[in-house]
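S.K.: My questions concern the predicted model and sequence given below.
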There are 4 protein chains.
Amino acid sequence: MIFASDNWAGAHPAISSALADAAGGYDPAYGTGELDRKVAARFNEIFEREVAVFFVATGTAANSLALASTTKPGAISFCHREAHVIEDECGAPEYLSGGARLRPVDGRLSKIDPGLLADEIARLQPYNVHGGQASAITITQATEVGTVYSLQEIDAISSIARRHAVSLHMDGARFANALVSLGVTPAEMTWRRGVDMLSFGGTKNGCWCAEAVVLFDPAAAKDFAFYRKRAAQLFSKSRFVAAQFDAYLRDDVWLDTARHANAMAQNLAAAFAASAEARLAWTPQANEVFATMPAATIGRLKAAGAVFYDWRRPQSFDDILAPDETLCRFVTSFATKPDDVQRFSALLSQSN
Amino acid sequence: MIFASDNWAGAHPAISSALADAAGGYDPAYGTGELDRKVAARFNEIFEREVAVFFVATGTAANSLALASTTKPGAISFCHREAHVIEDECGAPEYLSGGARLRPVDGRLSKIDPGLLADEIARLQPYNVHGGQASAITITQATEVGTVYSLQEIDAISSIARRHAVSLHMDGARFANALVSLGVTPAEMTWRRGVDMLSFGGTKNGCWCAEAVVLFDPAAAKDFAFYRKRAAQLFSKSRFVAAQFDAYLRDDVWLDTARHANAMAQNLAAAFAASAEARLAWTPQANEVFATMPAATIGRLKAAGAVFYDWRRPQSFDDILAPDETLCRFVTSFATKPDDVQRFSALLSQSN
Amino acid sequence: MIFASDNWAGAHPAISSALADAAGGYDPAYGTGELDRKVAARFNEIFEREVAVFFVATGTAANSLALASTTKPGAISFCHREAHVIEDECGAPEYLSGGARLRPVDGRLSKIDPGLLADEIARLQPYNVHGGQASAITITQATEVGTVYSLQEIDAISSIARRHAVSLHMDGARFANALVSLGVTPAEMTWRRGVDMLSFGGTKNGCWCAEAVVLFDPAAAKDFAFYRKRAAQLFSKSRFVAAQFDAYLRDDVWLDTARHANAMAQNLAAAFAASAEARLAWTPQANEVFATMPAATIGRLKAAGAVFYDWRRPQSFDDILAPDETLCRFVTSFATKPDDVQRFSALLSQSN
Amino acid sequence: MIFASDNWAGAHPAISSALADAAGGYDPAYGTGELDRKVAARFNEIFEREVAVFFVATGTAANSLALASTTKPGAISFCHREAHVIEDECGAPEYLSGGARLRPVDGRLSKIDPGLLADEIARLQPYNVHGGQASAITITQATEVGTVYSLQEIDAISSIARRHAVSLHMDGARFANALVSLGVTPAEMTWRRGVDMLSFGGTKNGCWCAEAVVLFDPAAAKDFAFYRKRAAQLFSKSRFVAAQFDAYLRDDVWLDTARHANAMAQNLAAAFAASAEARLAWTPQANEVFATMPAATIGRLKAAGAVFYDWRRPQSFDDILAPDETLCRFVTSFATKPDDVQRFSALLSQSN
């Protein structure tokens, strides 16, 4: 009953066997091999347009380099105040952007409030050398608390980005989970909404290490290769990342694993909704479930073998959480077994 | 007959099967799992002392972060003018060090000349705020041209580092090749010589992605975790790097693959030495062989299926190369087949 | 009737004539001359202990380099969300710190709330490589809205800094105004309270360009000289800054100019308090006065020759300002003429 | 008999009285005042075209920000290996460029050899993500050793810059000295030769602190204001820099002071040329004279009150200096008194 993180899972069998298949023979290095090119073409298909794809080592690298590529002197990027980029990346986005600032914006359930964003970005206008200049907005899809921006919500953010001529970035560490949650196409959730850059994550959803920056404006690609190499993110034997993406994006593997993880989350949510002891904190839309419980329940569940994290209290959730409630996070993945969810649900209901 | 680069090879079967074995089950992320700890202990054994080990994604990252961790304001690090850090890393060492400078030093066959190094570093003395301050020296073992520093040569560099109180870093992208070439222990080639930090590379020698920074002063470890994370180099599913190192360092796999690659290089060298048409440019000590040949020979070999690079002329090799000679590089690896070397040798001798 | 900014004033006659006196003859450059040393000794006297003093070109430089000198990888510094460092310095503190983050904290009247600060800094604890590490706290004395931290309030911030082992920096762009407002000594307002680093500003208070970083721990001085030079902030003919400070700190010139500016602010405040049309927004404690007025009044005053700024609405002043109120800022300085204040007061009262 | 540095002189009387005149009254801050605008217009006149002018605090800042404004990821700028930017600025050009590299190029008498430059820059071609990308070339006019590039020599460098589409920067810390040495106009020595950016220095030639970046492409100006502010180089009371430039550029003050300094250097050179004991190392073209002398002579001159520096041996002057010769530097300035030069010359000739 491991619900600690989707990072605790290993690799999906399809990924694992693709890696084994790729191990033999010789292939040009640094992203110039045949498999690299095949995967690049596959990204074009999936996004229904020509895109530029750059493999990197981590999701933090993808986010940081996407933002770095927008950097002007005095640059300020806007993110939700609970976003991974500002809470969990040790300052990498700022460091790899040469000191550009991340400015936190509030909003319910970890989604940027467009009204507050518009106010914040307008504060930098007009041209004011003291205040700095807006360079990007970054949103997380799905968010760190398992919610998903609707297409309309993305449109609202996007129109602000357009109005102020700044780039719109999407942190898609859980891109597939959001996609199947909304039931839309990759194009509909990204560039057709005005998204300029995407961190496309495969690691949490079944790969062991497959992260990419997707630029919807291929003209930006030339310098991006230098951004990546300068940040020490260019794999020599990149065929092994290509092999993972090749298997991941074939036969809907990536969508199936995401659907499974989301379904497992719904089952967990149902168990919490039915519990007299725990409370479902909000409705999950992807593969993360948050619930509040008394310490005794937490202890009982953990003693019985359930693994999950007590979650730091988000700063802006005062309307959702009572002051004395303990928030717990449960994450599902491709590897989550239905049996485990069932056992956990039974365990939870016994507590009544 | 692929002699293009050791990066063109895939993964050794032992590595490949270790990756497959690691794919199942759950494991804590970000370097805190059991396999990560096991590998850390193995590094202690290999180096015969407690060391701190940090996995990173690329050799460039290992070099850059090691140097970054020594950074003072106005910092200057010294490297050979042909070193990978200054020629082939797109400025990553400077960028990830926040602008610290790499200062090139000359020396025969890509090894820093201790006398010139002593002069260069002395130019920064005494305390002079305009000139900046020395912070590190980095040497490459084996070098980019297939030569190896002797223990005495390392001692000579090391004593300069000590005298000026700067850190000594070793770029060990081909560490194992140098080790078996000298026939010494890892401890003898590193910290017993005064090396403070090591980029320990497994990728070129049979892994697909296994690079680590080894700090011989574990007290430096606390901040290093932040240096790594800030540079977006902390893998979530780090067990997959651990699995590679686990297999690599077990049963002398790493030494055997290096011995094989070096032996293949010796065979190639013998073929060049025996050739009336080509000239062995210098004696290889690791897994890279450099030869000069007329354009016609190069064309004939390539047409017959040999893959290798015409090599950019090193800047300081005027005593070794005639002005009109074309230099070619041949790299061997764990994957080089004796048959291929034999075929190539036969091909070369036919040209006589 | 110029109340636009203390930066609009020129130079005090004592400063001006000191500059003229310093113009002749030869003097060693880069801070090594006799006048530089004399001023350094004067700083020791004023602060009643040995300090290290570094002249820089601007207040932004002083703040940025002080914070830069505390930088660790993943560093986060805390400031008030309205502070000059985060609102008006174009990202210089982050840029010159190599990407360290400024984290905004709320608090009434531009003073950091110690409770909120304690919460924020505690969120980074314990050791968490994802979150980064706290490195400094910076407070502004006097603040950007003309308020002053009491000694007790500084103590409260300082004890948090001590508990978390981070540096405490004071932005003293208006240091003298705060000092005479509290009626304490420089030592009492700084290192005796636990302040580690001070931006000591002379420019707004009568110099044309005299800013310095004062380090209360002289052991930090060695590297600071490199931080300054690396940031291109080391004047060659530094005697001209020394000459300004020499005159500024002699015969209580600096305290007299500050007292004058503060008194002028009190007179302005009295005028607003007596006005039926304008409202004194809060009680000034230094040389800045904020008032709210209808647009018609603003127009009338400006038409009559008063120069002042409509002020951007601080983000966290909702308990002080009604949604439709326009905030105006009036700044006094050594150069403010009592006649001008009287004329302005009369003008304001006519409006009743 | 002070020949230590042109930084040891104070301020020219015309500058000094301009500063006094500017001290009164109110003026908008941060470069927006009337005097700032007047000086900007004067620069347009002097350069016979519209230019963008940015005052900064130091020559190091001017050089660093000019180079920073050309920065791409993986950027490499080329300078002479003895240039001030690489020898005497503590890494500021790299730091303020976010880690861009300075690559040293050789050449006689501190002037870049166009052939070597062409080779170096060609090494980075074609597009190669490992090697980085060329972004700028910087030349010093007059050089650090008192020589001056002819117009033809600038053309040769400039055509390389054009061919590789990189920016050409001129470090004009001693711009006026070079100008009067060549007897050409500012336009002829800069943009008509293809110079894109100029560090225009007034400090060494009679101001106390008047340095500016001149951009010949005003389209680059918008972002440059942010580069400057982000580097903490925007003076609040910028009128005082404007006042210096206003006086400096009026009535040929700046050309007269430079002519005087150069003439004094010629007189010194004549003395060395006539000396049996000292040797004029090379022909001075600006305001610096280098001579070699035995230690006894150096001691005798210093004992008699002459102040000058033993100069570090340039790295690439082996064809000019014998291994055992001690090089001494003598710098003249607007403040150098003919009497002092005469006394020194007499002193020198007595040694015979």
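M.R.: Structure's in. What do you need? All values reported here derive from a predicted model rather than from experimental measurement.
S.K.: In contact with residue A:224, which residues?
M.R.: A:52, A:54, A:65, A:69, A:213, A:215 (Cβ atoms under 8 Å, 6 or more residues apart in numbering or on different chains). Where C-beta positions appear, they are placed from N, C-alpha and C, glycine not excepted.
S.K.: Residue A:79 sits in which helix or strand?
M.R.: For residue A:79, the host element (DSSP states H and E) is strand A:75-80.
S.K.: and that strand, does that touch chain C?
M.R.: Yes. In terms of Cβ under 8 Å from any Cβ of the partner chain, part of strand A:75-80 sits within range of chain C, namely A:75, A:76.
S.K.: how about that strand, does it reach chain D?
M.R.: No. Judged by Cβ under 8 Å from any Cβ, strand A:75-80 and chain D are separated, with a smallest distance of 8.5 Å.
S.K.: Show me what the host helix or strand of residue A:158 packs onto, helices and strands only.
M.R.: Assigned by DSSP H and E, residue A:158 belongs to helix A:151-163. On a contact count with 3 or more Cβ pairs under 8 Å, 6 or more residues apart in numbering or on different chains; DSSP states H and E, helix A:151-163 meets helix A:114-123, strand A:133-140, strand A:167-172, helix A:186-189.
S.K.: For chain B, find the nearest of those.
M.R.: Chain B lies closest to strand A:167-172 among the helices and strands packed on helix A:151-163, at 13.0 Å (Cβ to the nearest Cβ).
S.K.: okay, now the closest residue to residue A:100 other than its chain neighbours: neighbour count?
M.R.: Of all residues not flanking residue A:100 in the chain, residue A:75 sits nearest, at 3.9 Å (Cβ to Cβ, 6 or more residues apart in numbering or on different chains). A count of nearby residues for residue A:75, using other Cβ atoms under 10 Å in any protein chain shown, gives 28.
S.K.: my guess is residue A:75 meets residue A:94, correct?
M.R.: No. The pair residue A:75 and residue A:94 fails to qualify as a contact (Cβ atoms under 8 Å) at a distance of 9.9 Å.
S.K.: can you point me to the longest helix in chain A?
M.R.: helix A:253-274 (DSSP state H).
S.K.: Centre of the chain to the next helix or strand after that helix, how far?
M.R.: Per DSSP H and E, helix A:253-274 leads on to strand A:279-280 as the next helix or strand towards the C-terminus. Relative to the centre of its chain, strand A:279-280 is centred 24 Å away, using Cα atoms, centre = their mean, to the nearest Å.
S.K.: Please export the C-alpha coordinates of the helix or strand where residue A:221 lies as PDB.
M.R.: Using DSSP H and E, residue A:221 falls within helix A:221-230. Output of helix A:221-230 as PDB, limited to C-alpha atoms (Å, rounded to 0.1, in the frame of the first residue of the first chain):
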ATOM      1  CA  ALA A 221      15.200  26.000 -31.000                       C
ATOM      2  CA  LYS A 222      18.600  27.100 -32.200                       C
ATOM      3  CA  ASP A 223      19.600  28.800 -28.900                       C
ATOM      4  CA  PHE A 224      17.900  26.300 -26.800                       C
ATOM      5  CA  ALA A 225      20.500  23.600 -27.700                       C
ATOM      6  CA  PHE A 226      23.000  25.900 -26.100                       C
ATOM      7  CA  TYR A 227      20.900  26.600 -23.100                       C
ATOM      8  CA  ARG A 228      20.700  22.800 -22.500                       C
ATOM      9  CA  LYS A 229      24.300  22.000 -23.100                       C
ATOM     10  CA  ARG A 230      25.400  25.000 -20.900                       C
END
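S.K.: buried stuff in it?
M.R.: A:224, A:225, A:226, A:227, A:228, A:229, A:230 (16 or more other Cβ atoms under 10 Å in any protein chain shown).
S.K.: Residue A:11 is in contact with residue A:207, correct?
M.R.: Yes. Counting by Cβ under 8 Å, residue A:207 does reach residue A:11; the two are 6.4 Å apart.
S.K.: Need the residues touching each of the two.
M.R.: With Cβ under 8 Å, 6+ apart, residue A:207 and residue A:11 have no common neighbours.
S.K.: Give me the contact list for the helix or strand just after the strand holding residue A:79.
M.R.: Note on strand A:75-80: by DSSP H and E, the next helix or strand toward the C-terminus is helix A:84-87. For helix A:84-87, contacts defined as Cβ under 8 Å, 6+ apart pick out A:59-60, A:63-64, A:67, A:79-80, A:93, A:102, A:104, A:138, A:140, A:144, A:171, A:173, C:130-131.
S.K.: and the strand holding residue A:79, what other elements does it pack with?
M.R.: helix A:84-87, strand A:101-105, helix A:114-123, strand A:133-140.
S.K.: quick one: the shortest one to chain centroid distance?
M.R.: It stands for helix A:84-87. Distance, centroid of helix A:84-87 to centroid of chain: 11 Å (Cα atoms, centre = their mean).
S.K.: tell me which residues in the helix or strand just after that helix are buried?
M.R.: Using DSSP H and E, the helix or strand that follows helix A:84-87 in sequence is helix A:92-96. The neighbour-count check on helix A:92-96 (16+ other Cβ under 10 Å) flags A:92, A:93, A:94, A:95, A:96 as buried.
S.K.: One more: stretch A:174-188?
M.R.: A:174, A:175, A:176, A:177, A:178, A:179, A:180, A:181, A:182, A:184, A:186, A:187.
S.K.: Is whichever strand or helix holds residue A:18 in proximity to chain B?
M.R.: In this assignment (DSSP H and E), residue A:18 forms part of helix A:13-22. Yes. On the criterion Cβ under 8 Å from any Cβ, helix A:13-22 is in touch with chain B at A:13, A:15, A:16, A:17, A:19, A:20, A:22.
S.K.: so which of the helices and strands packed on helix A:151-163 comes closest to residue B:286?
M.R.: Closest to residue B:286 of these, according to Cβ to Cβ: strand A:167-172, at 42.2 Å.
S.K.: and the closest one, is it in reach of chain C?
M.R.: No. Using Cβ under 8 Å from any Cβ, strand A:167-172 stays clear of chain C, coming no nearer than 14.7 Å.
S.K.: following that strand, which helix or strand shows up next?
M.R.: Per DSSP H and E, the first helix or strand lying C-terminal to strand A:167-172 is helix A:175-182.
S.K.: Spit out the contact partners of residue A:211.
M.R.: By Cβ under 8 Å, 6+ apart, the neighbours of residue A:211 are A:55, A:56, A:57, A:58, A:59, A:61, A:62, A:199, A:200, A:201, A:202, A:203.
S.K.: can I get these in TSV with distance to residue B:88 and secondary structure?
M.R.: Shown next, in TSV, are those (distance: Cβ to Cβ, whole Å; DSSP: H, G, I helix; E, B strand; the rest coil):
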residue	distance to residue B:88	secondary structure
A:55	19	strand
A:56	19	strand
A:57	18	coil
A:58	22	coil
A:59	26	helix
A:61	20	helix
A:62	23	helix
A:199	27	strand
A:200	28	strand
A:201	29	strand
A:202	28	coil
A:203	27	helix
